[in-house]
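Engineer: coords please:
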Amino acid sequence: MRRAVYPGSYDPVTHGHLDIIERSAEVFDEIVVAVMVNKAKQTLFTAEERVGMLRDVTAHLPNVKIDSWPGLLVQYCEKHGIKAIVKGLRAISDFDYELQQAQMNQQLSGVATLFMPTSPAYSFLSSSLVKEVAKYGGDVSHLLPAPIHEQLVKRLTERA
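Structural biologist: Numbers count the residues shown, from 1 in each chain. Sure thing, here's the model as predicted:
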């Protein structure tokens, strides 16, 4: 079985993330979308909320599994017998950072990283940018699945 993990914070999940998930699901027998938990990073949604959001928006993909992990990604891969990591690339600046990560992961565990270019329609899109625009009242509804947009607006309203 060809399995890969697609890690990220997904705070919140965007159409760009879904694009990579859906395309990866066509290539691999199973894609594990791993919500990574970084205690140093302040997120808008809890890991459990992000897992739930991802389960909702990937329910139509039978070979996609959602999970979370508080440690090193390579430890997750080793524990679950996963030999490949999928990473989406939006721009050359992503490549510089992701290449270092890929090389470190390969050195630590032998896990391969496969880079998938983001569809041009989403090349500018990041969760951080979406949150920033939404925080100041900008319309980001076209950048997120409808249920995710609703949760984002609700959370920002609660925090305002």
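Engineer: can you count the residues close to S68?
Structural biologist: 17 (other Cβ atoms under 10 Å). Yep, even glycine has a C-beta here, placed from its N, CA and C like the rest.
Engineer: show the contacting residues for it.
Structural biologist: A34, V35, M36, V37, A47, E48, R50, V51 (Cβ atoms under 8 Å, 6 or more residues apart in numbering).
Engineer: redo that, cut-off 6 Å
Structural biologist: V35, V37, A47, V51 (Cβ atoms under 6 Å, 6 or more residues apart in numbering).
Engineer: are any of those buried, and which?
Structural biologist: The neighbour count (16 or more other Cβ atoms under 10 Å) marks V35, A47, V51 as buried among these.
Engineer: out of these, list just those in helices.
Structural biologist: Judged by DSSP state H, the buried ones among the contacts of S68 include A47, V51 as members of helices.
Engineer: make TSV from the buried ones among the contacts of S68 and add distance to V86 to it.
Structural biologist: Formatted as TSV, those follow (distance: Cβ to Cβ, whole Å):
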residue	distance to V86
V35	15
A47	20
V51	18
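Engineer: just the closest of the buried ones among the contacts of S68 to K65, please.
Structural biologist: Of all these, K65 sits closest to V51, with 10.6 Å by Cβ to Cβ.
Engineer: and the pLDDT at that closest one?
Structural biologist: Predicted confidence (pLDDT) for V51: 98.
Engineer: wait, doesn't A4 sit right on V27?
Structural biologist: No: contact status for A4 versus V27: not in contact, 7.9 Å apart, counting by Cβ atoms under 6 Å.
Engineer: just want to know which of the two has more residues nearby.
Structural biologist: Shown here are A4 and V27; by other Cβ under 10 Å, A4 has more neighbours (22 against 13).
Engineer: list the contacts for that one?
Structural biologist: F28, I31, A84, V86.
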